[in-house]
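**Q** sequence-free structure coming up:
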């Protein structure tokens, strides 16, 4: 399964998610950001590639729908409700990402 994690700048939250889930059997993981100034900005290829998309906040879902509405049809999209107040690999962020994503994936 191809999993895409999205936050704003692709700096702290989505890279943490990628680090956590990258080596899990059966999962391929990518990250991107919604901001034009993101380290890697989400693009058409990312959306096509993804089977499941996790966004950190509702605003990210809105931005994806504005830019890629037709491409999102049939895609599984989850909002994790994780605010932009954590640094890379922050212990609380790691715990939330492990628990929430595991629940959505049924692991």
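**A** Yep, that arrived. None of the values given here were measured: they were computed from a predicted structure.
**Q** need the strands for this structure, in chain order.
**A** Assigned by DSSP state E, the strands in the chain fall at 2-7, 28-33, 52-55, 76-79.
**Q** who's in contact with residue 10?
**A** 31, 32, 33, 35, 38, 39, 40, 41 (CB atoms under 8 Å, 6 or more residues apart in numbering). Placement of C-beta: from N, CA and C, glycine included.
**Q** for residue 80, what are its contacts?
**A** 54, 55, 56, 57, 96, 97, 100, 101.
**Q** what do you get if the cut-off is 6 Å, keeping everything else the same?
**A** The contact partners of residue 80, taken as CB atoms under 6 Å, 6 or more residues apart in numbering, are 54, 56, 100.
**Q** distance of the last one from residue 54?
**A** As defined by CB to CB, to the nearest Å, residue 100 lies at a distance of 8 Å from residue 54.
**Q** between the two, who's got more neighbours?
**A** A direct count of neighbours by other CB atoms under 10 Å for residue 100 and residue 54 places residue 54 higher, at 28 against 16.
**Q** ok, that one to residue 11 distance?
**A** Residue 54 is 16 Å from residue 11, by CB to CB.
**Q** pLDDT wise, what is the closest residue to residue 64 other than its chain neighbours at?
**A** For residue 64, ignoring the flanking residues on the chain, the nearest one in space by CB to CB, 6 or more residues apart in numbering is residue 72 at 6.3 Å. At residue 72, the pLDDT value in this model is 96.
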